[in-house]
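K.L.:
curious how this folds, go ahead:
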Amino acid sequence: MEAVLNFLSNKFVIIALVALIIILVVWFVIRKMQSSKLKKRLSDYEVRYNSIKSVPLPYKLNKAVAIARVNQDVMQSVTNCKDDFDLVQSNLKQISQLLADTEDFLLMNKNKQVKEGLLDLDSMMVLGEKQVSEMDAFLDTILEKETAQRQEVTGFKDKFRELKAFAFENSSSLSFSWNKIEGVIQETEKMFSAFEEWMYASEFEKASAKLEEIKGSIINLELLINDLPDLLQEARGVLPNLVDEVARNNAILQKKGVSLAHLEIEKNLIVITDALKNDLDSLQNGECTGVSEHLLNYKTRLLQLNDQISKEGVAYDDLQNAISEVENVTIQTKEAIQFINETFEKLGSRFGWGNLKEQIAEQEVKFNKLVEKKERVVESVQQSDSSSVENLYLLKELLQDINVCHTEIAKIKEVMDNAHSDEERAKKQLLKLQLIMNEMQVKIRKNRLPAISDTYNSDLDKAFDYIRSIETLIDDTPLNVQLLNATLKDAIDYIYKLYNNVNNVVGMAVMVENTIVFGNKYRSTYADIDSELTRAELCFRNGEYTQALTIAIATIEKIHPGTYETLIKENAKSAA
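P.N.:
This is a model prediction of the structure:
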């Protein structure tokens, strides 16, 4: 014992023991790290193995075998695939066994055997993944049609469920055709069941045919559910109301006396009503094809009938007004012709209307023909069963012709009226001019002008010449209205101008007299005033009224500035 202690107490022994312990610890750590790496690699292989195992090759192979029984084209391929499947399964079993063995070695810390097992697993795993991937792809090509059909039928099922739910939610609006809709729903459900049976039996061709039937049935159901409410509303509501409205409007206008026989309304309503009943039967049986076009056609025809009835009613009222207007214009034209003939007989030679005689005769012949036509047209319109619109057109055409004739007659009458009125106006103007001439002469005599220019007398003579010319023209037969109007215009211009000049001269003379009279009271006081007023008197006596007025006013302004305005006012009063 003492020897052992002495040995252990030896310095070199202690160092050796410590080194040994360190080596053991390092070796243990390294082993542990190697084990962890190997364990992780093994875990990765297990994941890859499970991924391979998760591919449903057995299920797909069974499906492929079922397909091969009914499809000889894929029989050989599926047979070869079964052999490959056995190889795949054998490889997978080996992988599974090797995984288990490697895991056992790992637990027993036999890292060498573990490494060898992992190397084998790597090659076997690569082979297995390749085999499974290729076989899975091959089986998918065989099962591709089934997969597509499954996807398609899933979409149809979703659509069918939506349509079915919508149909039950709107069963009230679909009640008229509910038996048909319910039958389509039940039939479609049976088609889905039949499809599943064919798919289970791997009869994909028959399943495909059934899928087409399902598709057609769903399309039909969708059309029924979507179109029926609107179609039924039109067929059971809108159109019957339109039929009643057309019948009602027809009865109202017939009672009023409007002829609508040409529209054949009763016949059209019977045809539309019978056709509408047939379409309702079709809708009740779920047959919507073509019904929409039929209903639109009925609606268009009914609206057209209603519009034509309305137009006939308006045309009938317009027709009555047109008949009344034709009668009124005819009477007015007849009276105008009678007036023209009577006036022509009385005044034709007086006004030289010889050129109007032919026009009057021509228009009278036209009018008589139009009167005969009017009698025929009005009688035909009142007794005819034809369209009021057409009758109105005929009557308006006649009215237009009568209006044209009436306008021509009115123009002739206007010529006569204007000529007669021109004569009367000329006589009145002549009288006014004569009065003006007398007034001018009276003013000159009344104010006793000491002198007047020679031009006044010549102007006065010229004015009297105008008056005599007008008198002569008025007395002439035939009356030259154009020359009379021209002469009268010149006479009025000349005489009124002369009248204004005379008024100015008389007013100025009166003003001179008043100014001189006003200034006479200052003559004795202012010598220069007396002298200037004497000058003004001399100018006044010589007929120089403007000069006289200028001198007189200037003289008075010297004594009383601003007196001029007072004299002007007094002169205005005296002139008035």
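
K.L.:
residue contacts, the residue nearest to residue 430 when sequence neighbours are not counted?
P.N.:
Closest residue to residue 430 apart from its sequence neighbours, by CB to CB, 6 or more residues apart in numbering: residue 470 at 5.1 Å. Yep, even glycine has a C-beta here, placed from its N, CA and C like the rest. The neighbours of residue 470, taking CB atoms under 8 Å, 6 or more residues apart in numbering as the test, are 426, 429, 430, 433, 484, 487, 488, 491.

K.L.:
and those residues, which two are furthest apart?
P.N.:
Taking every pair in the contacts of residue 470 and measuring CB to CB, the maximum separation is 13.3 Å, between 433 and 484.

K.L.:
excluding chain neighbours, what is closest to residue 240?
P.N.:
Closest residue to residue 240 apart from its sequence neighbours, by CB to CB, 6+ apart: residue 276 at 7.7 Å.

K.L.:
go ahead and confirm the one you found touches residue 239.
P.N.:
Yes - counting by CB atoms under 8 Å, residue 276 touches residue 239, with 5.9 Å between them.

K.L.:
shared neighbours, the two?
P.N.:
Any residue near both residue 276 and residue 239 by CB under 8 Å, 6+ apart counts here, and that gives 295, 298.

K.L.:
low-confidence stretches in the stretch 301-450 of the chain?
P.N.:
Applying pLDDT under 70 to the stretch 301-450 of the chain flags residues 315, 318-319, 322, 341-361, 364, 374-375, 377-392, 415-423, 447-450.

K.L.:
can you rerun that using 80?
P.N.:
In the predicted model of the stretch 301-450 of the chain, residues 309-427, 429-430, 440-450 satisfy pLDDT under 80.

K.L.:
all helices for it, in order.
P.N.:
Here the stretch 301-450 of the chain has its helices, by DSSP state H, counting those that start in this stretch, at 354-383, 388-446.

K.L.:
next SSE after the last one?
P.N.:
So the one you mean is helix 388-446. Tracing the chain past helix 388-446, the next element assigned as helix or strand by DSSP states H and E is helix 454-475.

K.L.:
show me which residues of that following helix are buried.
P.N.:
Within helix 454-475, the residues scored as buried using 16 or more other CB atoms under 10 Å are 456, 459, 460, 463, 466, 467, 469, 470, 473.

K.L.:
and stretch 396-408, by the same measure?
P.N.:
Using 16+ other CB under 10 Å as the test for burial, stretch 396-408 gives 398, 399, 401, 402, 405, 406, 408.

K.L.:
what about the closest residue to residue 555 other than its chain neighbours, distance to residue 513?
P.N.:
The shortest distance from residue 555 to any non-neighbouring residue, by CB to CB, 6+ apart, is to residue 532 (4.0 Å). Residue 532 is 16 Å from residue 513, where distance means CB to CB, to the nearest Å.

K.L.:
now do residue 329
P.N.:
Note on residue 329: its distance to residue 513, by CB to CB, is 70 Å.

K.L.:
again with residue 316
P.N.:
With CB to CB as the criterion, residue 316 and residue 513 are 86 Å apart.

K.L.:
just residue 330 next, same as before
P.N.:
When CB to CB is the yardstick, residue 330 and residue 513 sit 73 Å from each other.

K.L.:
and what of residue 97?
P.N.:
Look at residue 97 and residue 513: by CB to CB, they are 166 Å apart.

K.L.:
do you know the pLDDT at the residue nearest to residue 240?
P.N.:
Residue 276 carries a pLDDT value of 78.

K.L.:
and it, what does it touch?
P.N.:
Counting by CB under 8 Å, 6+ apart, residue 276 touches 235, 239, 240, 243, 295, 298.

K.L.:
tell me the pLDDT of the last one.
P.N.:
Okay, so that is residue 298. Here the pLDDT value assigned to residue 298 is 80.

K.L.:
so what's the residue count around it?
P.N.:
By other CB atoms under 10 Å, the residues close to residue 298 number 23.

K.L.:
going forward, begin numbering at 54 instead of 1
P.N.:
Sure thing, new numbering starts at 54, so read that last one as residue 351.

K.L.:
please name the nearest non-neighbouring residue to it.
P.N.:
Distances taken as CB to CB, 6+ apart place residue 325 nearest to residue 351, at 5.1 Å, with adjacent residues excluded.

K.L.:
what strand or helix carries that neighbour?
P.N.:
Per DSSP H and E: residue 325 is located in helix 318-337.

K.L.:
just to revisit the earlier point, closest to residue 321 out of the buried residues of helix 507-528?
P.N.:
Of the buried residues of helix 507-528, the one sitting nearest to residue 321 (CB to CB) turns out to be residue 526, at 75.9 Å.

K.L.:
what comes into contact with stretch 265-272?
P.N.:
Here stretch 265-272 makes contact (CB under 8 Å, 6+ apart) with 206, 209, 212, 213, 216, 237, 240, 241, 244, 245, 248.

K.L.:
burial count for the second one?
P.N.:
Translated: residue 209. Per other CB under 10 Å, the neighbour tally for residue 209 reads 18.

K.L.:
quick one: contacts for it?
P.N.:
The contact partners of residue 209, by CB under 8 Å, 6+ apart, come to 245, 264, 267, 268, 271.

K.L.:
neighbour-wise, which of those residues leads?
P.N.:
residue 267 (23 neighbours).

K.L.:
thinking again about what came up before, dump the contacts of residue 523 into TSV; add distance to residue 601 and neighbour count as well.
P.N.:
Output for the contacts of residue 523, formatted as TSV (distance: CB to CB, whole Å; neighbours: other CB atoms under 10 Å):
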residue	distance to residue 601	neighbour count
479	41	21
482	37	17
483	37	19
486	31	22
537	43	22
540	38	17
541	38	21
544	33	21
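
K.L.:
could I get those as JSON lines with distance to residue 182?
P.N.:
As requested, the contacts of residue 523 are exported to JSON lines (distance: CB to CB, whole Å):
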{"residue": "479", "distance to residue 182": "132"}
{"residue": "482", "distance to residue 182": "132"}
{"residue": "483", "distance to residue 182": "137"}
{"residue": "486", "distance to residue 182": "137"}
{"residue": "537", "distance to residue 182": "132"}
{"residue": "540", "distance to residue 182": "133"}
{"residue": "541", "distance to residue 182": "131"}
{"residue": "544", "distance to residue 182": "135"}
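
K.L.:
now do residue 528, the pLDDT please.
P.N.:
As predicted, residue 528 sits at a pLDDT of 64.

K.L.:
my guess is residue 454 meets residue 420, correct?
P.N.:
No - Residue 454 lies out of contact with residue 420 (CB under 8 Å); the separation is 9.9 Å.

K.L.:
for residue 263, grab the count of nearby residues.
P.N.:
Residue 263 has 22 neighbouring residues, counting by other CB under 10 Å.

K.L.:
name the SS class of it, please.
P.N.:
At residue 263 the chain is in helix, as set by DSSP: H, G, I helix; E, B strand; the rest coil.

K.L.:
and what of the one 3 residues further on?
P.N.:
Under the three-state scheme (three-state DSSP), the conformation of residue 266 reads as helix.

K.L.:
ok, back up a step: what residues are up against the residue nearest to residue 351?
P.N.:
Residues in contact with residue 325 (CB under 8 Å, 6+ apart) are 292, 296, 351, 354, 355.

K.L.:
then residue 388?
P.N.:
Shown in contact with residue 388 (CB under 8 Å, 6+ apart): no residues.

K.L.:
residues near residue 614, how many?
P.N.:
Under the neighbour criterion other CB under 10 Å, residue 614 is assigned a count of 8.

K.L.:
and it, what pLDDT?
P.N.:
Residue 614 is assigned a pLDDT of 73 by the prediction.

K.L.:
can you give me the distance of the residue nearest to residue 454 when sequence neighbours are not counted to residue 373?
P.N.:
Of all residues not flanking residue 454 in the chain, residue 423 sits nearest, at 5.7 Å (CB to CB, 6+ apart). Taking CB to CB as the criterion, residue 423 is separated from residue 373 by 20 Å.
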